[in-house]
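Make a model of this:
(chains A, B, C and D)
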There are 2 protein chains.
Amino acid sequence: MAEGRTRRRGKDLLDAIHTAAVEEAAASGPGRLTMDAIAKRAATARTTLYRRWSDPVDLLLDALAALHPVEQPAPGADDLRGDLIASLRLMVDWGFSPAGRAVMALLADPARDPAVVEALWERVFDRRGGTFTQTVLRHYAANGIVDPDRLTPVVLDIGEAMVAKRILDTGEAPDDDYLAAVVDQAILPALALPHRDR
Amino acid sequence: MAEGRTRRRGKDLLDAIHTAAVEEAAASGPGRLTMDAIAKRAATARTTLYRRWSDPVDLLLDALAALHPVEQPAPGADDLRGDLIASLRLMVDWGFSPAGRAVMALLADPARDPAVVEALWERVFDRRGGTFTQTVLRHYAANGIVDPDRLTPVVLDIGEAMVAKRILDTGEAPDDDYLAAVVDQAILPALALPHRDR
DNA sequence: TGCGTTAGCTACAGTCTTGTATCTTATCGT
DNA sequence: ACGATAAGATACAAGACTGTAGCTAACGCA
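This next block holds a predicted model:
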């Protein structure tokens, strides 16, 4: 932040490197991620990176873990449908952030290292309370509006799966009509609740 | 095939190159796909590749289009649930074939070129009659067992989406129990048909 | 204020990939 | 059997990335 400085240290520098790593991964994919490119984007020297990390993916995992956590859905009192749509909207927004793109690319990499994926779950996802629609569904189950027995792993993941596949297929962010269709035609029926057709 | 030959030509060579390209893409991901690696795997010279293709992705698209089409579900007369599970099993098998891995990686590449994705759809998918559960669902709709009005784009894609996300998450092939859970807990409820709980 | 830490810079050898050029010769069609 | 085609092999310069080394000097702390 300070203008007079010519040399960043500690957190300032770390933040810059983390941001650069995630942006670079989001732009090039983990397959093309190189120390060189991260260093250039962060405007630092490669040697600085090698002092802390041994390879680009190691760095990227650190960066993803350090980044601001994903926004959490805040379920209201009495609008299950609206809250589900809102939580999917949050997911879409995250999916199109650099971090989201980087994570998707890491997961879809055919050469992915199971250890890397495990580290991703431990260091990035497990800190969060759960996935997007999951938070909402558990809230309404706790309030007696949704049958808790219906909340199987499959059902808890319907919304996320539909949105993820849609993003993969189209490469674009689904609009609210699509999210509403997912809620009305897939999630709510699985909860055995009344829902609008089509 | 003939043993005496020391030099492949035409279709023999082309098949070898196509196979090598898909296997290489499945092993390394499109980001790390190089002419060099394809040539080595196909045991041919790089110059041979450059005579026909200008870059690795171009070659890969040709290879995917040339490969044997995906096996199609063959719905029976009266077992919607079983046929849905079987069609998802076909999808899982395809997803773990080299071609399936290559396609997933292409779609998830953050640096993906929209033109490449479009070419993929045109040259690889559009030839097929539709997706996996889609074929089954349309069959049973035509036979009056499923309400055709329920077969919205969202509903037609539930199975594929759930399986795709599961593969992304775990990196492993879902077992039959999981596929059955998807059918019972997500697809059948969306069709408003009786289904087994959990 | 002085000292330890470490960011930033430059350099280097080694490897991999690219795209092109050149030459030989196996293969196929006639 | 001949001739056109194209596979296969080798070479090359250019560029990118790696991993390491060594130096300088800015920064933070006591």
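
before we move on, which element is the residue nearest to residue A:148 when sequence neighbours are not counted in?
Nearest non-adjacent residue to residue A:148, counting by C-beta to C-beta, 6 or more residues apart in numbering or on different chains: residue A:141, 4.4 Å away. From N, CA and C alone the C-beta is placed, and that goes for glycine too. Per DSSP states H and E, residue A:141 falls inside helix A:132-142.

Am I right that residue A:191 is in contact with residue A:158?
No: judged on C-beta atoms under 8 Å, residue A:191 makes no contact with residue A:158 at a distance of 9.6 Å.

what's in contact with the strand or helix carrying residue A:165?
Secondary structure from DSSP H and E places residue A:165 in helix A:158-170. Outside helix A:158-170, the residues that touch it by C-beta atoms under 8 Å, 6 or more residues apart in numbering or on different chains are A:84, A:87-88, A:91-92, A:95-96, A:104, A:131-133, A:173-174, A:178-179, A:182-183, A:186-187, A:190, B:107-108, B:154, B:157-158, B:160-162, B:164-166, B:168, B:186.

Return the set of buried residues in that helix.
Within helix A:158-170, the residues scored as buried using 16 or more other C-beta atoms under 10 Å in any protein chain shown are A:158-169.

Dump the residues you listed to JSON lines, plus pLDDT.
Supplementary listing: the buried residues of helix A:158-170 in JSON lines, determined by pLDDT from 0 to 100:
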{"residue": "A:158", "pLDDT": "97"}
{"residue": "A:159", "pLDDT": "97"}
{"residue": "A:160", "pLDDT": "95"}
{"residue": "A:161", "pLDDT": "96"}
{"residue": "A:162", "pLDDT": "97"}
{"residue": "A:163", "pLDDT": "96"}
{"residue": "A:164", "pLDDT": "95"}
{"residue": "A:165", "pLDDT": "94"}
{"residue": "A:166", "pLDDT": "95"}
{"residue": "A:167", "pLDDT": "93"}
{"residue": "A:168", "pLDDT": "90"}
{"residue": "A:169", "pLDDT": "90"}
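
The longest helix belonging to chain A vs DNA strand C: in contact?
The residue-count maximum for a helix in chain A (DSSP state H) belongs to helix A:10-28. Yes: for helix A:10-28, a contact with DNA strand C is found by C-beta under 7 Å from any atom of the strand, at A:10, A:13.

Identify all contacting residues around that helix.
A:1, A:8, A:33, A:37-39, A:41-44, A:48-49, A:56, A:59-60, A:62-64, A:66-67, A:97-99, A:101-102, A:105-106, B:31, B:110-111.

One more: stretch A:180-191?
A:80-81, A:84-85, A:88, A:133, A:137, A:146-147, A:150, A:155, A:158-159, A:162-163, A:194-198, B:152-155, B:158, B:185-186, B:189-190, B:192.

Next to DNA strand D, which bits of chain A? Give me the list.
A:4-7, A:9-10, A:34-37, A:46-47, A:50, A:54-56.

Recalculate using a threshold of 6 Å.
Residues of chain A found near DNA strand D (C-beta under 6 Å from any atom of the strand) are A:5-7, A:9, A:34-37, A:46-47, A:50, A:55-56.

Out of these, list just those in helices.
Filtering those for helices - DSSP H - leaves A:35-37, A:46-47, A:50, A:56.

and the residue of chain A nearest chain B?
Using C-beta to the nearest C-beta, residue A:31 is the residue of chain A that sits closest to chain B, at 2.3 Å.

measure the residue nearest to that residue when sequence neighbours are not counted to residue A:64 for me?
Leaving aside its chain neighbours, residue A:31 sits nearest to residue B:31 (2.3 Å; criterion: C-beta to C-beta, 6+ apart). Distance from residue B:31 to residue A:64, counting by C-beta to C-beta, to the nearest Å: 18 Å.

repeat for residue A:47
In terms of C-beta to C-beta, residue A:47 sits 23 Å off from residue A:64.

what does residue A:84 give?
According to C-beta to C-beta, residue A:84 and residue A:64 sit 26 Å apart.

Quick check: pLDDT value at residue A:103.
On pLDDT, residue A:103 comes in at 90.

what helix or strand is it on?
Assigned by DSSP H and E, residue A:103 falls in helix A:98-108.

what bits of chain A have low per-residue confidence?
Chain A contains residues with pLDDT under 70 at A:1-5, A:127-130, A:193-198.

Domain parsing of it, as residue ranges.
Chain A breaks down by automatic domain parsing into domains covering A:10-66, A:80-190.
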